[in-house]
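A.B. asks: got a sequence here, can you model it:
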Amino acid sequence: MIVFDLRCGAGHVFEAWFGSSSAYEEQRKQGYVACPHCGDSDVAKAVMAPNVGAKGNRRQDVTPARAADKQPDGDAPPPPEAVKQAMAALAKAQEKALEGSQWVGTAFTDRARAMHHGEEKAAPIHGQASIEDAKALHEEGVAVAPLPFPVVPPDMRN
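C.D. replies: Okay, here's the model as predicted:
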């Protein structure tokens, strides 16, 4: 296995593992390699620093915080604790947004469309829809958005 730092056309840098360098090239040519941040498949290898250990008697104590201070702004990933806090805040925001919303399950597409056309009283709902159904709703002008975290249906909760 080999790991590469890759950069998409939008400038996002991410890490990906491949069976070999030729496997990376083949997958990239077929469009299988895409940026996990924006989905851009225009990716190329980013400059990587080799991981060469210092001589035993010359090793310095570099903590993650000190290493992050030395990285250039913009390219440094956020520290794991910051990501954890951001994810928790996003989950809390989703929970708050769904407080007054009704779970409608697989009837979401039909109910959202009926509300949009005035056949049903408008109300906040959430449920399940396929990508194709969500795209169709969007094309019809129905305001829908994916939720960042999965929702456990009320009848499946403990």
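A.B. asks: drop to CA atoms for contacts and neighbour counts, all remaining ones
C.D. replies: Fine.
A.B. asks: what about the residue nearest the centre of the chain, distance to residue 103?
C.D. replies: With distances taken as Cα atoms, centre = their mean, residue 37 lies nearest the centre of the chain, 5.6 Å away. Noted for residue 37: a distance of 29 Å to residue 103, by Cα to Cα, to the nearest Å.
A.B. asks: can you pull out the helices in this protein?
C.D. replies: Assigned by DSSP state H, the chain shows helices spanning 21-29, 64-70, 80-97, 108-116, 131-139.
A.B. asks: and these, which is most packed in?
C.D. replies: helix 108-116 (a mean of 18; mean count of other Cα atoms under 10 Å).
A.B. asks: show me the contact partners of that one.
C.D. replies: 120-123, 125-129, 133-134, 137, 142 (Cα atoms under 8 Å, 6 or more residues apart in numbering).
A.B. asks: for residue 145, which residues are in contact?
C.D. replies: No contacts exist for residue 145 under Cα under 8 Å, 6+ apart.
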